[in-house]
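*Asks:* can't give you the sequence, but here's the structure:
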C-alpha cells in the first residue's frame with residue numbers, strides 16, 4: 001500500500017480482491033438485480049417492513065413506534081429481518097420491493113393495491129403524510145423539517161460510507177482517507193450543534209421526522225455506539241447535540257425502535273423480528 005495507485009484506463013471488477021478485502025465488500029458488485037430466488041414473508045399487519053437494525057433501519061422502526069405511541073393503531077407492523085451480511089437484500093422478493101437492494105424497504109398493504117416504498121427518508125415522509133403526524137403543517141416549519149431530513153440523507157454517506165468505512169472497516173488504515181472524512185464528520189456535527197444551540201429540535205420546537213432521521217446516525221456517534229469513535233471525534237465538544245440526543249433517548253418509543261431487527265449489542269437489546277407490541281417483553285434475543 002506504499003506504492004501510489006495508478007488507475008487503469010478502464011476499471012474492471014476484480015471479484016477475488018473484492019471478496020477477500022472484507023466480509024462487507026464481498027457483497028458489493030457493480031451491477032444490480034437479484035442473485036437468487038427468495039420470496040418475502042408477509043405478516044398480518046397492514047405495514048410490512050423488511051430491514052435490519054442499522055442506523056437507516058432504526059429510523060423507520062423508531063417512527064413506527066412513535067406513531068403507535070400516539071395512538072395510530074393502523075401503524076401496526078411486521079418487521080422482518082433482512083440479513084445483509086448473508087445477501088438477503090439480493091433475493092428476488094426484496095429486489096422487487098427495492099431495486100437498489102438496500103434496507104429498509106416497506107410495503108403498505110392497507111389499500112386495494114400494495115404500495116412499495118424504499119429509501120429511509122422516503123419511508124419516513126410517506127408514513128408521516130399517511131398518518132398526519134411528525135411533519136409540521138405550518139409551511140415554514142414543514143420546509144425546515146424537510147430541509148433537515150434531506151440534509152441527513154445527503155450527509156450520512158460521508159459518515160457511513162466515508163468515515164465509518166475507513167475508520168472502522170477498511171482492511172488498511174489510510175491516513176488521508178480517515179483525515180478527509182473525519183474533517184467532514186466533525187463539520188456536520190458542528191452544523192447540528194449550532195442549530196440545536198438555538199432550537200430544541202431540528203425543525204424548531206416540534207419533534208419531527210427530521211430528528212428521527214438524524215438521531216440514529218449522529219446520536220450514535222455522540223453516544224459512542226457507532227464505530228466506537230466518541231473519543232476520536234471528541235464528541236464532548238458538541239454539548240447541544242448531546243442534550244438533544246439525551247432527550248430522544250429518554251423517549252420509550254425511541255428505546256423500542258432502536259432494538260428492532262438488531263443483531264448487535266446486548267441480547268436484551270436485540271429484537272430480531274417484531275410482529276406484536278408484546279414481542280419487546282417476550283421475544284428479545286436473551287429470552288428466545
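*Replies:* Sure, I can see it. Here the structure is a predicted model, which means the values were calculated and not measured.

*Asks:* List of residues touching stretch 232-239?
*Replies:* Stretch 232-239 has contacts (CB atoms under 8 Å, 6 or more residues apart in numbering) with 167, 182, 185-186, 189-190, 192-193, 221-222, 224, 241-242. Every C-beta, even on glycine, is put in place using the N, C-alpha and C of the backbone.

*Asks:* what's the lowest-pLDDT member of the residues you listed?
*Replies:* Among the contacts of stretch 232-239, residue 224 has the lowest pLDDT, at 93.

*Asks:* what about that one, neighbour count?
*Replies:* Residue 224 has 13 neighbours, counted by other CB atoms under 10 Å.

*Asks:* tell me the contacts of it?
*Replies:* Contact partners of residue 224, counting by CB under 8 Å, 6+ apart, are 230, 235.

*Asks:* distance of it from residue 236?
*Replies:* Applying CB to CB, to the nearest Å, the value for residue 224 to residue 236 is 11 Å.

*Asks:* Regarding residue 151, which helix or strand does it belong to?
*Replies:* For residue 151, the host element (DSSP states H and E) is helix 139-157.

*Asks:* what comes up buried for that helix?
*Replies:* The neighbour-count check on helix 139-157 (16 or more other CB atoms under 10 Å) flags 141, 144-146, 148-149, 151-153, 155-156 as buried.

*Asks:* Single out whichever of those residues has the smallest pLDDT.
*Replies:* Among these, residue 156 carries the weakest pLDDT, at 91.

*Asks:* Was I right to think it contacts residue 220?
*Replies:* No - applying CB atoms under 8 Å, one finds residue 156 not in contact with residue 220, separated by 10.6 Å.

*Asks:* okay, and the common contacts of these two?
*Replies:* Contacts common to residue 156 and residue 220, judged by CB under 8 Å, 6+ apart, are residue 55.

*Asks:* low-scoring stretches of this protein, by residue?
*Replies:* Across the chain, the ranges flagged by pLDDT under 70 are 1-2, 15-26.

*Asks:* Mind splitting it into its structural domains?
*Replies:* 1-134, 139-250 (the TED database).
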